[in-house]
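K.L.:
what's the 3D shape of this:
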Amino acid sequence: MAPLVRVWKTERHALEQERVSNWELDTKPFTTTKSGLKYVDMVVGDGDSPSDGDFIAVHYIGWYDKFVSDDGDDSKKTSAGVNFDNSLARDPEPLKFQYGKAPIIKGWTEALETMKAGGKRELIVPPSLGYGDKEVKSSGQPSIPANSHLRFIIDLVEVDNSILTKIRTMIPKPSTFLDKPLF
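P.N.:
Below is the predicted model of the structure:
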C-alpha cells in the first residue's frame, strides 16, 4: 500500500504545479523568498515601509486554490482560483491595522515588510505561510480549505509611523477605567 500513497502524492504534487502555472507564475518576474513566498511588485511605492507598531492601511483581493477537490470530482477544479475576499467590494475605506501586532498570516507580514506606501504587490502564499492545515470559515465569505495556496493583490495605501499615533496607542481608553471599581 505505501507505494500507492507515494504515487498519489506525486500525482497531487504534479497537479499542484500545473495549477500554480495557471496563475501565470511563469509569465511574471516573481521573486521567491527563502520561506517560499512569491511576490512581484506591480507598482513600487515611494513612501515609508512599515515597522513594528506602525498603523497601516491596505486594500486587497484574495483568492485560494486548493488544487484538488475533496471528493475527487475534477469538474470542480478551476484555474483562476476562488475569490474569498475583496476589501474594495466590502468598503471603500481600506483595512487599517497595527503592523506587527495584528493577527495576520505570515505571508502578509513578510510581504508588507519590504513594501513602501503607495505600492501594489501580487503574492503567492504557500500553505506554510498562510492558514496551513486549518480550514478557515467566515460568515458571508467562501471557506478556505486547509492547505490552500493563496494569491493576493495588496495595495499599501498608507503607513502611519507618526510619534503622535504611537503615543496615542499607549494611553488607555477612558472606558477601561470605567470597567474597574473605583474603591
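
K.L.:
quick one: Lys134 and Thr33, what's the gap?
P.N.:
Distance of Lys134 to Thr33, computed by C-beta to C-beta, to the nearest Å: 22 Å. In this view, the C-beta of every residue, glycine as well, is placed from N, C-alpha and C.

K.L.:
no no, Gly100
P.N.:
18 Å.

K.L.:
could you do Ile167 as well?
P.N.:
Taking C-beta to C-beta, one finds Ile167 at 34 Å from Thr33.

K.L.:
the two: which is more packed in?
P.N.:
Between Ile167 and Thr33, counted using other C-beta atoms under 10 Å, Thr33 has the larger neighbour count: 13 against 9.

K.L.:
now do the same contact list for that one.
P.N.:
Residues counted as contacts of Thr33 (C-beta atoms under 8 Å, 6 or more residues apart in numbering) are Tyr39, Glu110.

K.L.:
outside of the strand or helix carrying Trp108, which residues touch it?
P.N.:
Taking DSSP states H and E as the definition, Trp108 sits inside helix 106-113. With contacts defined as C-beta under 8 Å, 6+ apart, helix 106-113 is touched by 33, 35, 37, 39, 49-50, 56, 58, 99-100, 121, 123, 125-126, 128-130, 150, 152, 154, 156.

K.L.:
using CSV, list the CA coordinates for that helix.
P.N.:
What follows is helix 106-113, C-alpha atoms only, in CSV (Å, rounded to 0.1, in the frame of the first residue of the first chain):
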residue,chain,number,x,y,z
LYS,A,106,3.0,35.1,8.0
GLY,A,107,2.9,35.6,4.2
TRP,A,108,1.4,39.1,4.6
THR,A,109,3.9,40.1,7.4
GLU,A,110,6.8,39.1,5.2
ALA,A,111,5.5,40.8,2.1
LEU,A,112,4.5,44.0,3.8
GLU,A,113,7.8,44.4,5.5
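
K.L.:
that one: which residues count as buried?
P.N.:
Gly107, Trp108, Thr109, Glu110, Ala111, Leu112 (16 or more other C-beta atoms under 10 Å).

K.L.:
one more: stretch 47-61?
P.N.:
So, applying 16+ other C-beta under 10 Å, buried residues of stretch 47-61: Asp48, Ser49, Pro50, Asp54, Phe55, Ile56, Ala57, Val58, His59, Tyr60, Ile61.
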